[in-house]
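In: have a look at this prediction, sequence included:
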Amino acid sequence: AVLANNGLETVVWARNRQLADEINSRHVNERYLPGVTLPAGIQAVTRVEEALCKAKLVVVALPSAALADGVETLRGVADEAVVVHAVKGFVRPQNVRITSYIRERVPTVADRLAVISGPSHAEEVVRQLPTTVVVASESRVIAEFVQDAFMNDRFRVYTQADVIGVELGGALKNIIALGVGLVDGLALGDNTKAALMTRGLAEMTRLGVALGASPLTFSGLAGVGDLIVTCTSEHSRNHRAGCLLAQGLSLDATLQRIGMAVEGVGATFAASELARTHGIEMPITRAIEKVLLGELSPADGVGLLMRRGKNHEMEDIGGQPLTALWVRP
Ligand SMILES: NC(=O)C1=CN([C@@H]2O[C@H](COP(=O)(O)OP(=O)(O)OC[C@H]3O[C@@H](n4cnc5c(N)ncnc54)[C@H](O)[C@@H]3O)[C@@H](O)[C@H]2O)C=CC1
Ligand SMILES: O=C(CO)COP(=O)(O)O
(Lines give C-alpha, C1' and ligand atoms only; values in the text may rest on other atoms or scores of the structure.)
(Ligands and ions follow the chains in the order given, each with its own letter.)
Protein backbone atom coordinates (compact mmCIF):
# COMPACT_ATOMS: atom_id res chain seq x y z
CA ALA A 1 0.00 0.00 0.00
CA VAL A 2 2.86 2.39 0.81
CA LEU A 3 4.53 1.74 -2.55
CA ALA A 4 1.26 2.03 -4.48
CA ASN A 5 0.45 5.29 -2.68
CA ASN A 6 3.85 6.52 -3.84
CA GLY A 7 2.72 5.99 -7.44
CA LEU A 8 4.80 2.84 -8.05
CA GLU A 9 3.29 0.04 -10.11
CA THR A 10 2.75 -2.54 -7.35
CA VAL A 11 2.08 -6.25 -7.85
CA VAL A 12 1.22 -8.55 -4.92
CA TRP A 13 1.64 -12.31 -5.11
CA ALA A 14 -1.26 -14.17 -3.47
CA ARG A 15 -1.49 -17.95 -3.65
CA ASN A 16 -5.23 -17.93 -3.18
CA ARG A 17 -7.19 -17.09 -6.38
CA GLN A 18 -10.20 -15.87 -4.39
CA LEU A 19 -8.05 -13.43 -2.42
CA ALA A 20 -6.34 -12.18 -5.58
CA ASP A 21 -9.78 -11.56 -7.15
CA GLU A 22 -10.92 -9.75 -3.99
CA ILE A 23 -7.89 -7.45 -4.13
CA ASN A 24 -8.26 -6.76 -7.87
CA SER A 25 -12.01 -6.23 -8.03
CA ARG A 26 -12.98 -4.82 -4.61
CA HIS A 27 -9.59 -3.56 -3.38
CA VAL A 28 -9.94 -5.30 -0.03
CA ASN A 29 -8.23 -8.10 1.90
CA GLU A 30 -10.97 -9.00 4.39
CA ARG A 31 -9.14 -11.82 6.18
CA TYR A 32 -5.97 -9.92 7.03
CA LEU A 33 -7.01 -6.25 6.92
CA PRO A 34 -10.74 -6.07 7.60
CA GLY A 35 -12.39 -2.70 7.06
CA VAL A 36 -9.56 -1.33 4.92
CA THR A 37 -9.76 -0.17 1.30
CA LEU A 38 -6.46 -0.81 -0.44
CA PRO A 39 -5.03 1.57 -3.04
CA ALA A 40 -6.63 0.79 -6.42
CA GLY A 41 -3.16 0.63 -7.99
CA ILE A 42 -2.31 -2.69 -6.31
CA GLN A 43 -2.59 -5.63 -8.70
CA ALA A 44 -2.68 -9.18 -7.31
CA VAL A 45 -1.40 -12.20 -9.27
CA THR A 46 -1.39 -15.88 -8.32
CA ARG A 47 1.79 -16.88 -10.19
CA VAL A 48 4.86 -15.64 -8.37
CA GLU A 49 6.85 -15.42 -11.62
CA GLU A 50 4.42 -12.78 -12.87
CA ALA A 51 5.10 -10.64 -9.82
CA LEU A 52 8.87 -11.08 -10.02
CA CYS A 53 9.87 -10.97 -13.66
CA LYS A 54 9.76 -7.21 -14.27
CA ALA A 55 10.05 -5.89 -10.72
CA LYS A 56 12.82 -3.41 -9.90
CA LEU A 57 12.17 -3.86 -6.19
CA VAL A 58 11.06 -7.16 -4.63
CA VAL A 59 9.62 -7.12 -1.10
CA VAL A 60 9.79 -10.48 0.70
CA ALA A 61 7.20 -10.54 3.48
CA LEU A 62 6.71 -14.26 4.11
CA PRO A 63 6.62 -15.61 7.66
CA SER A 64 10.09 -16.99 8.51
CA ALA A 65 8.67 -20.53 8.61
CA ALA A 66 7.71 -20.21 4.92
CA LEU A 67 11.06 -18.88 3.73
CA ALA A 68 12.59 -22.29 3.05
CA ASP A 69 9.64 -22.97 0.72
CA GLY A 70 9.73 -19.57 -0.95
CA VAL A 71 13.39 -18.65 -1.23
CA GLU A 72 14.04 -20.49 -4.50
CA THR A 73 11.51 -18.27 -6.27
CA LEU A 74 13.98 -15.40 -5.86
CA ARG A 75 16.03 -17.01 -8.62
CA GLY A 76 13.36 -15.48 -10.87
CA VAL A 77 14.07 -11.84 -9.97
CA ALA A 78 15.24 -9.59 -12.77
CA ASP A 79 18.95 -8.69 -13.07
CA GLU A 80 19.62 -5.51 -11.11
CA ALA A 81 16.41 -5.85 -9.03
CA VAL A 82 16.80 -5.02 -5.34
CA VAL A 83 15.43 -7.51 -2.80
CA VAL A 84 14.27 -6.13 0.55
CA HIS A 85 12.77 -8.37 3.23
CA ALA A 86 10.48 -7.55 6.13
CA VAL A 87 10.72 -10.93 7.86
CA LYS A 88 11.16 -10.74 11.65
CA GLY A 89 12.42 -14.18 12.53
CA PHE A 90 15.05 -16.87 12.01
CA VAL A 91 15.14 -19.74 9.55
CA ARG A 92 14.80 -22.89 11.66
CA PRO A 93 16.31 -25.26 12.53
CA GLN A 94 19.59 -23.72 11.37
CA ASN A 95 18.77 -20.52 13.33
CA VAL A 96 20.15 -18.27 10.61
CA ARG A 97 19.28 -14.67 9.85
CA ILE A 98 17.12 -14.05 6.80
CA THR A 99 19.69 -12.23 4.65
CA SER A 100 22.28 -14.94 5.40
CA TYR A 101 19.80 -17.58 4.30
CA ILE A 102 18.80 -15.76 1.10
CA ARG A 103 22.45 -15.02 0.28
CA GLU A 104 23.41 -18.66 0.70
CA ARG A 105 20.46 -20.09 -1.25
CA VAL A 106 20.30 -17.46 -4.03
CA PRO A 107 23.83 -16.06 -4.44
CA THR A 108 22.82 -14.06 -7.53
CA VAL A 109 20.97 -11.55 -5.31
CA ALA A 110 23.62 -11.48 -2.56
CA ASP A 111 24.85 -7.95 -3.29
CA ARG A 112 21.35 -6.50 -3.80
CA LEU A 113 19.84 -7.32 -0.40
CA ALA A 114 18.29 -5.12 2.27
CA VAL A 115 16.06 -5.50 5.34
CA ILE A 116 13.25 -3.14 6.36
CA SER A 117 12.19 -3.20 10.01
CA GLY A 118 10.90 -1.10 12.89
CA PRO A 119 7.61 -0.36 14.66
CA SER A 120 5.11 -0.87 11.85
CA HIS A 121 1.92 -2.81 12.51
CA ALA A 122 0.33 -3.40 9.12
CA GLU A 123 -3.11 -2.39 10.44
CA GLU A 124 -1.80 1.16 11.05
CA VAL A 125 0.55 1.48 8.07
CA VAL A 126 -2.28 0.69 5.66
CA ARG A 127 -4.40 3.42 7.30
CA GLN A 128 -1.54 5.85 6.67
CA LEU A 129 -0.99 6.58 10.36
CA PRO A 130 2.47 8.15 10.76
CA THR A 131 5.03 5.35 10.89
CA THR A 132 8.82 5.35 11.04
CA VAL A 133 11.06 2.46 10.00
CA VAL A 134 14.66 1.70 9.15
CA VAL A 135 16.19 0.01 6.12
CA ALA A 136 19.59 -1.65 6.42
CA SER A 137 21.92 -2.89 3.72
CA GLU A 138 25.63 -3.46 3.34
CA SER A 139 25.35 -1.11 0.35
CA ARG A 140 24.47 2.53 0.87
CA VAL A 141 23.13 2.77 -2.70
CA ILE A 142 20.73 -0.13 -2.10
CA ALA A 143 19.61 1.24 1.29
CA GLU A 144 18.89 4.64 -0.24
CA PHE A 145 17.07 3.07 -3.21
CA VAL A 146 14.69 1.31 -0.80
CA GLN A 147 14.39 4.46 1.31
CA ASP A 148 13.36 6.48 -1.76
CA ALA A 149 10.81 3.88 -2.87
CA PHE A 150 8.99 3.75 0.49
CA MET A 151 9.43 7.23 1.92
CA ASN A 152 6.48 9.64 2.03
CA ASP A 153 5.07 12.10 4.54
CA ARG A 154 3.20 9.30 6.37
CA PHE A 155 5.99 6.71 6.21
CA ARG A 156 9.41 7.91 7.23
CA VAL A 157 12.39 5.68 6.41
CA TYR A 158 15.86 5.94 7.95
CA THR A 159 18.90 4.09 6.62
CA GLN A 160 21.31 1.88 8.54
CA ALA A 161 24.44 -0.13 7.77
CA ASP A 162 24.06 -2.66 10.62
CA VAL A 163 22.13 -5.42 8.84
CA ILE A 164 22.80 -7.92 11.65
CA GLY A 165 21.47 -5.61 14.37
CA VAL A 166 18.38 -4.58 12.41
CA GLU A 167 17.48 -8.19 11.61
CA LEU A 168 18.11 -9.41 15.16
CA GLY A 169 16.19 -6.50 16.73
CA GLY A 170 13.11 -7.38 14.69
CA ALA A 171 13.36 -11.09 15.47
CA LEU A 172 14.27 -10.94 19.17
CA LYS A 173 11.69 -8.36 20.27
CA ASN A 174 8.97 -10.90 19.47
CA ILE A 175 10.22 -13.11 22.31
CA ILE A 176 9.87 -10.27 24.79
CA ALA A 177 6.41 -9.39 23.41
CA LEU A 178 5.36 -12.97 24.11
CA GLY A 179 6.69 -12.54 27.66
CA VAL A 180 4.84 -9.25 28.16
CA GLY A 181 1.70 -10.98 26.89
CA LEU A 182 2.26 -13.66 29.53
CA VAL A 183 2.56 -11.13 32.36
CA ASP A 184 -0.44 -9.17 31.05
CA GLY A 185 -2.39 -12.42 30.96
CA LEU A 186 -1.46 -12.88 34.63
CA ALA A 187 -2.41 -9.22 35.39
CA LEU A 188 0.97 -8.62 37.01
CA GLY A 189 0.92 -4.88 36.46
CA ASP A 190 2.92 -2.16 34.74
CA ASN A 191 6.13 -2.42 36.78
CA THR A 192 6.56 -6.05 35.72
CA LYS A 193 5.99 -5.13 32.07
CA ALA A 194 8.54 -2.30 32.16
CA ALA A 195 11.06 -4.60 33.85
CA LEU A 196 10.57 -7.31 31.26
CA MET A 197 10.94 -4.88 28.37
CA THR A 198 14.06 -3.27 29.82
CA ARG A 199 15.82 -6.46 30.86
CA GLY A 200 14.58 -8.06 27.66
CA LEU A 201 16.30 -5.34 25.67
CA ALA A 202 19.48 -6.03 27.66
CA GLU A 203 19.50 -9.70 26.67
CA MET A 204 18.52 -8.92 23.06
CA THR A 205 21.53 -6.60 22.93
CA ARG A 206 23.82 -9.13 24.57
CA LEU A 207 23.03 -11.84 22.01
CA GLY A 208 23.08 -9.29 19.17
CA VAL A 209 26.58 -8.09 20.09
CA ALA A 210 27.82 -11.69 20.31
CA LEU A 211 26.48 -12.28 16.79
CA GLY A 212 28.19 -9.18 15.38
CA ALA A 213 25.60 -6.39 15.78
CA SER A 214 26.31 -2.89 17.03
CA PRO A 215 24.83 -2.35 20.53
CA LEU A 216 23.57 1.09 19.42
CA THR A 217 21.20 -0.46 16.89
CA PHE A 218 19.17 -1.86 19.80
CA SER A 219 18.39 1.68 20.98
CA GLY A 220 17.02 2.49 17.50
CA LEU A 221 13.78 1.83 15.63
CA ALA A 222 14.53 -1.84 14.97
CA GLY A 223 15.37 -2.38 18.66
CA VAL A 224 13.61 -0.46 21.39
CA GLY A 225 11.19 1.14 18.88
CA ASP A 226 9.77 -2.16 17.70
CA LEU A 227 10.01 -3.62 21.21
CA ILE A 228 7.73 -0.88 22.57
CA VAL A 229 5.10 -1.26 19.86
CA THR A 230 5.02 -5.05 19.92
CA CYS A 231 4.83 -5.22 23.71
CA THR A 232 2.05 -2.63 23.98
CA SER A 233 -0.06 -2.73 20.81
CA GLU A 234 -3.46 -4.37 20.54
CA HIS A 235 -2.35 -5.44 17.06
CA SER A 236 0.56 -7.62 18.19
CA ARG A 237 0.02 -11.33 17.54
CA ASN A 238 2.99 -12.18 19.78
CA HIS A 239 1.53 -10.25 22.70
CA ARG A 240 -1.88 -11.83 22.12
CA ALA A 241 -0.30 -15.29 22.04
CA GLY A 242 1.35 -14.65 25.43
CA CYS A 243 -1.99 -13.57 26.95
CA LEU A 244 -3.73 -16.71 25.67
CA LEU A 245 -0.97 -18.96 27.03
CA ALA A 246 -1.24 -17.29 30.43
CA GLN A 247 -4.97 -17.95 30.38
CA GLY A 248 -4.17 -21.66 30.13
CA LEU A 249 -4.52 -22.36 26.40
CA SER A 250 -2.02 -24.88 25.00
CA LEU A 251 0.58 -23.66 22.51
CA ASP A 252 -1.16 -25.43 19.62
CA ALA A 253 -4.56 -24.01 20.53
CA THR A 254 -3.03 -20.53 20.89
CA LEU A 255 -1.41 -20.63 17.46
CA GLN A 256 -4.60 -21.94 15.93
CA ARG A 257 -6.70 -19.21 17.59
CA ILE A 258 -4.39 -16.47 16.28
CA GLY A 259 -4.25 -17.95 12.78
CA MET A 260 -1.37 -15.73 11.64
CA ALA A 261 2.40 -15.69 12.06
CA VAL A 262 3.53 -15.74 15.71
CA GLU A 263 7.25 -15.33 15.10
CA GLY A 264 8.17 -15.18 18.79
CA VAL A 265 7.73 -18.93 19.26
CA GLY A 266 10.37 -20.00 16.72
CA ALA A 267 12.55 -17.05 17.74
CA THR A 268 12.53 -18.20 21.38
CA PHE A 269 13.90 -21.62 20.44
CA ALA A 270 16.37 -20.09 17.96
CA ALA A 271 17.69 -17.47 20.41
CA SER A 272 17.93 -20.00 23.21
CA GLU A 273 20.02 -22.35 21.05
CA LEU A 274 22.20 -19.47 19.81
CA ALA A 275 22.69 -18.27 23.40
CA ARG A 276 23.84 -21.75 24.43
CA THR A 277 26.25 -21.95 21.48
CA HIS A 278 27.74 -18.52 22.21
CA GLY A 279 27.71 -18.78 26.00
CA ILE A 280 25.32 -15.84 26.43
CA GLU A 281 23.01 -15.48 29.42
CA MET A 282 19.38 -15.01 28.35
CA PRO A 283 17.31 -15.79 31.43
CA ILE A 284 14.04 -14.28 30.13
CA THR A 285 14.26 -16.16 26.84
CA ARG A 286 15.09 -19.37 28.72
CA ALA A 287 12.10 -18.95 31.03
CA ILE A 288 9.78 -18.31 28.07
CA GLU A 289 11.21 -21.36 26.30
CA LYS A 290 10.32 -23.51 29.33
CA VAL A 291 6.80 -22.04 29.37
CA LEU A 292 6.38 -22.81 25.65
CA LEU A 293 7.59 -26.37 26.24
CA GLY A 294 5.10 -26.76 29.09
CA GLU A 295 7.92 -27.29 31.61
CA LEU A 296 7.12 -24.18 33.65
CA SER A 297 3.94 -22.23 34.36
CA PRO A 298 3.99 -18.52 33.44
CA ALA A 299 3.69 -17.59 37.14
CA ASP A 300 6.61 -19.87 38.09
CA GLY A 301 8.60 -18.33 35.21
CA VAL A 302 8.24 -14.86 36.76
CA GLY A 303 9.16 -16.26 40.17
CA LEU A 304 12.27 -17.88 38.75
CA LEU A 305 13.42 -14.61 37.17
CA MET A 306 12.79 -12.60 40.35
CA ARG A 307 14.78 -15.04 42.49
CA ARG A 308 17.93 -14.93 40.34
CA GLY A 309 21.20 -14.01 42.03
CA LYS A 310 22.31 -10.40 42.54
CA ASN A 311 23.62 -8.59 39.47
CA HIS A 312 25.07 -5.26 38.32
CA GLU A 313 22.70 -3.58 35.84
CA MET A 314 24.99 -2.73 32.95
CA GLU A 315 28.27 -4.62 33.07
CA ASP A 316 26.97 -7.62 31.20
CA ILE A 317 25.90 -5.69 28.08
CA GLY A 318 29.34 -5.35 26.55
CA GLY A 319 31.70 -2.44 26.00
CA GLN A 320 33.35 -0.77 28.99
CA PRO A 321 32.26 -2.30 32.30
CA LEU A 322 30.25 0.34 34.18
CA THR A 323 31.57 -1.00 37.47
CA ALA A 324 34.63 1.06 36.50
CA LEU A 325 32.61 4.19 37.44
CA TRP A 326 32.68 3.31 41.13
CA VAL A 327 35.12 5.67 42.79
CA ARG A 328 34.98 4.05 46.23
CA PRO A 329 35.38 0.40 47.16
N1 LIG B 1 1.94 -7.87 10.37
C2 LIG B 1 2.77 -6.87 10.64
O3 LIG B 1 2.34 -5.80 11.10
C4 LIG B 1 4.23 -7.01 10.39
C5 LIG B 1 4.78 -8.24 10.07
N6 LIG B 1 6.13 -8.32 9.82
C7 LIG B 1 6.75 -9.61 9.53
O8 LIG B 1 6.33 -10.06 8.24
C9 LIG B 1 6.38 -11.49 8.19
C10 LIG B 1 5.03 -11.99 7.70
O11 LIG B 1 4.09 -11.65 8.68
P12 LIG B 1 2.56 -11.33 8.38
O13 LIG B 1 2.33 -10.95 6.97
O14 LIG B 1 2.09 -10.41 9.42
O15 LIG B 1 1.97 -12.80 8.65
P16 LIG B 1 0.52 -13.30 8.35
O17 LIG B 1 0.38 -14.59 9.05
O18 LIG B 1 -0.46 -12.20 8.63
O19 LIG B 1 0.51 -13.51 6.77
C20 LIG B 1 1.41 -14.40 6.17
C21 LIG B 1 1.08 -14.54 4.71
O22 LIG B 1 2.05 -15.44 4.14
C23 LIG B 1 1.36 -16.45 3.42
N24 LIG B 1 2.13 -17.68 3.47
C25 LIG B 1 2.27 -18.55 4.49
N26 LIG B 1 3.05 -19.58 4.11
C27 LIG B 1 3.42 -19.36 2.82
C28 LIG B 1 4.21 -20.07 1.87
N29 LIG B 1 4.80 -21.22 2.19
N30 LIG B 1 4.35 -19.53 0.65
C31 LIG B 1 3.77 -18.38 0.35
N32 LIG B 1 3.00 -17.64 1.18
C33 LIG B 1 2.84 -18.14 2.41
C34 LIG B 1 0.02 -16.59 4.12
O35 LIG B 1 -0.92 -17.15 3.25
C36 LIG B 1 -0.29 -15.14 4.47
O37 LIG B 1 -0.87 -14.49 3.37
C38 LIG B 1 6.70 -11.96 9.63
O39 LIG B 1 8.05 -12.27 9.72
C40 LIG B 1 6.37 -10.73 10.48
O41 LIG B 1 7.13 -10.67 11.67
C42 LIG B 1 6.94 -7.23 9.80
C43 LIG B 1 6.42 -5.98 10.08
C44 LIG B 1 5.05 -5.79 10.45
O1 LIG C 1 6.54 -6.56 14.02
C2 LIG C 1 5.42 -6.13 14.16
C3 LIG C 1 5.16 -4.68 14.30
O4 LIG C 1 6.30 -3.90 14.07
C5 LIG C 1 4.28 -7.09 14.24
O6 LIG C 1 4.30 -7.74 15.47
P7 LIG C 1 3.41 -9.04 15.71
O8 LIG C 1 3.96 -10.09 14.78
O9 LIG C 1 3.55 -9.37 17.15
O10 LIG C 1 1.99 -8.68 15.35
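Out: Nice, I can see it. Ligands and ions are numbered 1, 2, ... in the order given.
In: avg pLDDT for the longest helix along the chain?
Out: Ranked by residue count, the top helix of the chain under DSSP state H comes out as helix 163-185. Helix 163-185 shows a mean pLDDT of 98.
In: check whether that helix comes near ligand 1.
Out: No - on the criterion C-beta under 6 Å from any ligand atom, helix 163-185 is out of touch with ligand 1, staying 6.8 Å away. Every residue, glycine included, has its C-beta placed from N, CA and C.
In: what about that helix and ligand 2, touching?
Out: Yes - Helix 163-185 comes into contact with ligand 2 (C-beta under 6 Å from any ligand atom), by way of 174, 177.
In: would you quantify the distance from the residue nearest to the spatial centre of the chain to residue 30?
Out: Nearest to the mean C-alpha position of the chain, counting by C-alpha atoms, centre = their mean, stands residue 88 at 2.6 Å. As judged by C-beta to C-beta, to the nearest Å, residue 88 and residue 30 stand 24 Å apart.
In: okay, residue 50: pLDDT?
Out: 92.
In: ok, then the element right after the longest helix of the chain?
Out: Using DSSP states H and E, the helix or strand that follows helix 163-185 towards the C-terminus is helix 190-210.
In: just the buried positions in that next one, please.
Out: By neighbour count on 16 or more other C-beta atoms under 10 Å, the buried set for helix 190-210 is 192-193, 195-197, 199-209.
In: how about stretch 30-44?
Out: Here stretch 30-44 shows 33, 38, 41, 42, 44 as buried, counting by 16+ other C-beta under 10 Å.
In: quick check, the second one in contact with residue 32.
Out: No - between residue 38 and residue 32 there is no contact, the gap being 10.6 Å when judged by C-beta atoms under 8 Å.
In: following the chain onward from the helix or strand containing residue 285, which element is next?
Out: Per DSSP H and E: residue 285 is located in helix 283-292. Later in the chain than helix 283-292, the nearest helix or strand by DSSP H and E is helix 298-306.
In: that next one to helix 283-292, inter-axis angle?
Out: Counting by axes from the mean of the first three to the mean of the last three C-alpha atoms, to 10 degrees, helix 298-306 lies at 160 degrees to helix 283-292.
In: so what does helix 298-306 touch, helix or strand wise?
Out: Counting by 3 or more C-beta pairs under 8 Å, 6 or more residues apart in numbering; DSSP states H and E, the packing neighbours recorded for helix 298-306 are helix 163-185, helix 283-292.
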